[in-house]
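1. quick one, structure for this:
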Amino acid sequence: MNIYVLLKRTFDTEEKITLANGKINDDGAEFIINPYDEYAVEEAIQVRDTHGGVVTVVSVGNELAEKQLRTALAMGADKAVLINIEEDVEYGDQFTTAKIISEYLKDKDPDLMIAGNVAIDGGTGQVGPRVAELLSIPYITTITQLKINGKNVSVTRDVEGDAEIIETTLPLLVTAQQGLNEPRYPSLPGIMKAKKKPFEELELDDLELVEDDVAAKTKTIEIFLPPKKEAGKVLSGDLNEQVKALVQLLRSEAKVI
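-> Next comes the predicted model:
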């Protein structure tokens, strides 16, 4: 089975985000595999171990993403591909990423593609479905269970606290939701083996793409942090006095009445 995992390098979930000159400041920040993509890597490895095949992890970004791809290889993936666009694309968005990945995959005959449900930095959940659309392959999002029997697939997906079961066939793209599995930690032998596994680095020219082909379809107008939370107020007096004070605050400060 030809299995591909779409992987993104994101801020560590413990990082405190700061801004500098209207942009996110990543100087000295720790980066990790997007947590939802870890579920995707783990599921791909389990599918391969059960049904056979090869797991290839693919990432679009810069050379720094090699660390996260190597981590996926140490977890058990077979191959890694980095599509380095640092010198080719000044601005990009979800369309950019999806277009590049779909161009890479269009002649690879993927049976199964797995992406994270969302990336924790942007949270749009667009790249996986966009890739599937560009490749004319069915997709199912937010899955919590995946069963494969030959070409037939049964998927359970999370629908806001409930579950939906969908029957479909390969080829297919799915996006992994929390609860799909428990991602493994890379072992020391796995880390050593990862150094010898195939690692391919490509650029836009290798995909016969130019910057205009992948120009962003959206534009970021402004980036800002949420307003600083202020301390709450404790109302005093008897119940009637507290109610009057609360109503006054809702009218004058919160401006909701």
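
2. what ranges do the helices span in this protein?
-> Assigned by DSSP state H, the helices in the chain fall at 35-51, 66-75, 94-105, 127-135, 188-194, 239-252.

3. and residue 7, which of these is closest to it?
-> Residue 7 lies closest, by CB to CB, to one member of the helices of the chain: helix 35-51, at 4.8 Å. Glycine gets a C-beta too; all of them are placed from N, C-alpha and C.

4. which residues does the nearest residue to residue 121 once chain neighbours are set aside form beta bridges with?
-> What sits nearest to residue 121 in space, not counting adjacent residues and going by CB to CB, 6 or more residues apart in numbering, is residue 10, at 4.8 Å. Counting by DSSP bridges, residue 10 is bridged to residue 32.

5. what of the one 10 residues further on?
-> The residues paired with residue 20 through beta bridges, assigned by DSSP bridges, are residue 23.

6. burial count for it?
-> Residues within reach of residue 20, counting by other CB atoms under 10 Å, total 9.

7. residue 44 reaches residue 7, doesn't it?
-> No - the pair residue 44 / residue 7 is not scored as a contact, 10.2 Å apart, by CB atoms under 8 Å.

8. buried stuff in the helix-or-strand element of the chain with minimal mean pLDDT?
-> Ranked by mean pLDDT, DSSP states H and E, the weakest helix or strand in the chain is strand 23-25, scoring a mean of 82. The neighbour-count check on strand 23-25 (16 or more other CB atoms under 10 Å) flags nothing as buried.

9. gap between it and the chain center?
-> Remark: strand 23-25 is offset 20 Å from the chain centroid, using CA atoms, centre = their mean, to the nearest Å.

10. now residue 74: how far from residue 56?
-> According to CB to CB, to the nearest Å, residue 74 stands 15 Å off from residue 56.

11. check residue 141 too.
-> Counting by CB to CB - residue 141 and residue 56 are separated by 21 Å.

12. and what of residue 154?
-> Shown here: residue 154 relative to residue 56, a distance of 24 Å by CB to CB.

13. and the two? Which one has more around it.
-> Between residue 154 and residue 56, residue 56 has the larger neighbour count (other CB under 10 Å), namely 22 against 13.

14. let's see the lengthiest strand in the chain as CSV, backbone CA atoms only.
-> For the chain, the strand with the greatest residue count under DSSP state E is strand 139-149. This file holds the C-alpha atoms of strand 139-149, laid out as CSV (Å, rounded to 0.1, in the frame of the first residue of the first chain):
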residue,chain,number,x,y,z
TYR,A,139,-11.7,12.7,1.7
ILE,A,140,-13.1,12.3,5.2
THR,A,141,-12.1,14.6,8.0
THR,A,142,-11.8,14.3,11.8
ILE,A,143,-11.6,10.5,11.9
THR,A,144,-11.3,8.6,15.2
GLN,A,145,-11.1,5.1,13.7
LEU,A,146,-9.9,3.6,10.4
LYS,A,147,-10.6,0.0,9.2
ILE,A,148,-9.3,-1.2,5.8
ASN,A,149,-10.3,-4.5,4.1
